[in-house]
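> Sharing a model prediction with you, sequence too.
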Amino acid sequence: MTYIRGFLVLFMLLTLLLYLVPGDGFRRYIRFFAEILLTLGFLSPVLSLLFDSEEFLKKIEYEAFAEGLSELAKDTQKIEFLQNSYYIEEYERAIEMDVTAIAEQHDFMVKDVEVHLTDTYVLDAVSLTVEESGAGEIIIEKIEAKGAGTDSIKEGERYSELRSELSQYYRIDEEQIEIK
């Protein structure tokens, strides 16, 4: 009932407006404007059923919020990935410095160290290129022979000691450590 009253009031106001306009030039434009308003007024109940304005605005707001949240999640993942790779690189550098210090304690001169970590910061492999201190010098070590069994210092013994110490220190298998 209120819809019909509202429509009749709108019709009366627009008709009154048509008679108050002086001259025929503007009357044509006012009549066109009034017809559009009357058509929208007549169709408003049908349009409100199809397009509930509050529900429609809520859907638009929800979609904008969901899109913003999705973009935020993507940005957060990018930041986490970048931070994770940065931390892995820094941790690898720190381990490389430790490996260098341990090798120097065993009288090796370190040429190159490469450390590889997994994404979960677990030590995966160590590659170490060393040169014995005083390379180019002739070092004669004492070799003793005892009875039937010969107990001599093997050339790779120092390398295996270094490999063993690194293995124990970092709690990894000796096969994961390569010494050149």
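Alright, I've got the coordinates.

> From residue 13, how far out is the spatially most central residue of the chain?
Centroid-nearest residue in the chain: residue 78, 2.0 Å away (criterion: Cα atoms, centre = their mean). Distance, residue 78 to residue 13, using Cβ to Cβ, to the nearest Å: 58 Å. For every residue, glycine as well, the C-beta is placed using N, CA and C.

> Check residue 115 too.
To residue 13, residue 115 is 83 Å away according to Cβ to Cβ.

> and the two? which has more neighbours close in?
Shown here are residue 115 and residue 13; by other Cβ atoms under 10 Å, residue 115 has more neighbours (20 against 12).

> hmm, who's touching the helix or strand where that one lies?
Using DSSP states H and E, residue 115 sits within strand 108-117. For strand 108-117, contacts defined as Cβ atoms under 8 Å, 6 or more residues apart in numbering pick out 88, 91-92, 95-96, 99-100, 103-104, 123-133, 135, 158, 162.

> For that strand, list every residue counted as buried.
108, 110, 113, 115, 117 (16 or more other Cβ atoms under 10 Å).

> Residue 159: neighbouring residues, count only.
Using other Cβ under 10 Å, residue 159 has 18 other residues around it.

> tell me the average confidence for the longest helix along the chain?
Using DSSP state H to define each element, the chain has its longest helix at helix 53-105. Mean pLDDT, computed over helix 53-105, is 81.

> could you say what helices and strands that helix packs with?
When contacts are defined as 3 or more Cβ pairs under 8 Å, 6 or more residues apart in numbering; DSSP states H and E, helix 53-105 packs onto strand 108-117, strand 123-132, helix 157-170.

> Would you mind putting the ones you listed into CSV with mean pLDDT and distance to residue 66 alongside?
As requested, these are exported to CSV (pLDDT from 0 to 100; distance: least, Cβ to Cβ, whole Å):
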stretch, mean pLDDT, distance to residue 66
strand 108-117, 86, 37
strand 123-132, 84, 40
helix 157-170, 84, 46
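
> Assess the claim that residue 3 and residue 45 are in contact.
Yes: with contact defined as Cβ atoms under 8 Å, residue 3 reaches residue 45; the gap is 6.0 Å.

> Which among the contacts of strand 108-117 count as buried?
Among those, the ones that count as buried by 16+ other Cβ under 10 Å are 88, 92, 95-96, 99-100, 103, 123, 126, 128, 130, 158, 162.

> what's stretch 27-38 in contact with?
Residues outside stretch 27-38 that contact it (Cβ under 8 Å, 6+ apart) are 7, 10, 11, 14, 15, 17, 18, 21.
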